[in-house]
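K.L.:
I would like the atomic coordinates for the input below:
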Amino acid sequence: MKASRRSFLAGGVSLVTAAAAPVGTGAPMVPCAAGRFVGTRRDGVAIFRGVRYGRAARFEAPRPVAPVPGTVRAIDYGAACPQLTRRAPQSEDCLFLNIWTPDARPGARLPVMIYVHGGAFAFGSGSDPETEGSRLATRGNVVVVTVNHRLNAFGYLSLGRLDPRYPDSGNAGQLDLVLALGWVAANIAAFGGDPARVTLFGQSGGGGKITTLMAMPAARGLFARVATMSGQQFTVSGPIHAAARTRAFLARLKAAPSELATLPPERLLEGLAASDPFENGPVHMGPVLDGRSLDRHPFWPNGAPSARGVAMMMGGTRDETRAYFDPDDPTIRDMGWGDVAERIAAELPVDLPPEQIVAIYRQNMPAARPSDIFFAATTDGRSWRGQLEVAEARARANEPVFAYQVNFTARVDPRRGAEHAIDVPLVFGNLDARGSRTGTGADARAASHRMQDCFIAFARTGDPNCRSVPAWPPYTLEERATMMFDVGARLANDPRRWQRLLFARAPYVQPGT
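P.N.:
Below you'll find the predicted structure:
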């Protein structure tokens, strides 16, 4: 959503270095092709933080690193890419990953779950409290990996048409992820993982990065299955649109392309305030159809050949867009019927009369307030519509896909409903993490365990069926089976039928194009 990008990009910049933590007795030690790593242990899980998987010069493709001599202290998280948040530490030297393993022995052959963080390609980190991997690793007896990579202008500023020195700049962040996957393939067996059973899972922008990886030939064979969480809005730009956004970025900085390589990172972040030439809000940066590492759209006109045979699970939350607005904002709280159509039109990239959308929602939701219809329509027409496009494309190609919907309501502030990102602490089991709105009661634990068990089963076999949920068939165009996650779980066929028929009247407009 446009509003989400505006709200999430608010904040300051902090470029600091974390202090080293001491290594306790009995610290786990793992030798592998990349070096010898010593970590820490928590509740029986061996943890290796801040493991370097590559280096990169600004705007260039990343390169692997030579094995490190001696012993590497993998104790502290590595830096996140510079971004417009207060997350610390931050540095352009950010190609690090983190590993949680319940059995750090070669030959354990545990499933590997690699999480790609969200943040609209602009912010985020693999060290966020909600994505700490100990509980998921323990419950599933799986190896969990999180990854940092380049973001915003450092990872997705498309300079190829303006400065031939940087042909890979528009997909640098994606190429970082490919390099990280290669590192996992070469080294994870030493940490107890099975390189043949690698599952990528990611929420929001992380899901978008994963769907893009599915179309990148360089990533083929580096993962066996994918699970995207509110992240099916495959935001891939064409080269002309990407170059126009780069020009807007340069105009904001009053800089020439040749100057960018030497500007301090804080200056580059200032350019992110440029107005996007194609949509309201700050300039968007994401993967680019550059004809090099990405030469076709992930799901148009069909699924990318490089993704054939990759099992997929995908879903979203019922009330995605409630996360993007303050429920105490009077323009939301006191929204009247005369305001809804205009507000929907400003947020939805759908060529349908907004008054018609409101009328159909009122017909199907007679007890709803104006703000309820605003959130429902903007969720359905943008967030869920992207999921539907991917699910249908996979079904038409007879490729396996399992669909779900999260209905669990925020317990910390129930007005937010089943908002965007409420599924992250549920899947990781970190209900008490800073920022989580799930609450820590028995109902939240029940919802969390059901989701965890399905994700773990999927990581093991490519099928999410397990004892925690009723039988869950793949998504087809005939049945449209969807697992509904709440305190309990139930299967529903075509649960958003009237919304699907409504928005099918107009072509889907991919956000960020």
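
K.L.:
Quick one: distance of stretch 101-113 to the chain centre.
P.N.:
On the basis of C-alpha atoms, centre = their mean, to the nearest Å, stretch 101-113 sits 24 Å off its chain's mean C-alpha point.

K.L.:
Check stretch 422-429 too.
P.N.:
Using C-alpha atoms, centre = their mean, the distance from the centre of stretch 422-429 to the centre of the chain it belongs to is 13 Å.

K.L.:
any idea of the mean pLDDT for the lengthiest helix in the chain?
P.N.:
When the chain is parsed with DSSP state H, its longest helix is helix 442-461. For helix 442-461, mean pLDDT rounds to 97.

K.L.:
Return it as PDB; C-alpha atoms alone will do.
P.N.:
Written as PDB, here are the backbone C-alpha positions of helix 442-461 (Å, rounded to 0.1, in the frame of the first residue of the first chain):
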ATOM      1  CA  ALA A 442      -3.300 -19.800  25.300                       C
ATOM      2  CA  ASP A 443      -5.300 -18.800  22.100                       C
ATOM      3  CA  ALA A 444      -2.200 -17.200  20.600                       C
ATOM      4  CA  ARG A 445      -0.100 -20.200  21.400                       C
ATOM      5  CA  ALA A 446      -2.600 -22.500  19.800                       C
ATOM      6  CA  ALA A 447      -2.700 -20.400  16.600                       C
ATOM      7  CA  SER A 448       1.100 -20.200  16.600                       C
ATOM      8  CA  HIS A 449       1.500 -24.000  17.000                       C
ATOM      9  CA  ARG A 450      -0.900 -24.700  14.100                       C
ATOM     10  CA  MET A 451       0.900 -22.400  11.800                       C
ATOM     11  CA  GLN A 452       4.400 -23.600  12.800                       C
ATOM     12  CA  ASP A 453       3.400 -27.200  12.400                       C
ATOM     13  CA  CYS A 454       2.200 -26.600   8.800                       C
ATOM     14  CA  PHE A 455       5.200 -24.600   7.800                       C
ATOM     15  CA  ILE A 456       7.500 -27.300   9.300                       C
ATOM     16  CA  ALA A 457       5.600 -30.100   7.500                       C
ATOM     17  CA  PHE A 458       5.900 -28.200   4.300                       C
ATOM     18  CA  ALA A 459       9.700 -27.700   4.800                       C
ATOM     19  CA  ARG A 460      10.000 -31.400   5.300                       C
ATOM     20  CA  THR A 461       8.000 -32.700   2.400                       C
END
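
K.L.:
Enumerate the positions of that helix that are buried.
P.N.:
Buried residues in helix 442-461, counted by 16 or more other C-beta atoms under 10 Å: 443-448, 450-460. (Each C-beta comes from the backbone N, C-alpha and C, glycine too.)

K.L.:
tell me the angle the helix or strand that it is followed by makes with helix 442-461.
P.N.:
Once helix 442-461 ends, the next helix or strand along the chain (criterion: DSSP states H and E) is strand 481-485. Calculated by axes from the mean of the first three to the mean of the last three C-alpha atoms, to 10 degrees, strand 481-485 forms an angle of 140 degrees with helix 442-461.

K.L.:
now for strand 481-485, which elements pack on it?
P.N.:
Using 3 or more C-beta pairs under 8 Å, 6 or more residues apart in numbering; DSSP states H and E, the elements in contact with strand 481-485 are strand 311-317, strand 401-406, helix 442-461, strand 489-493.
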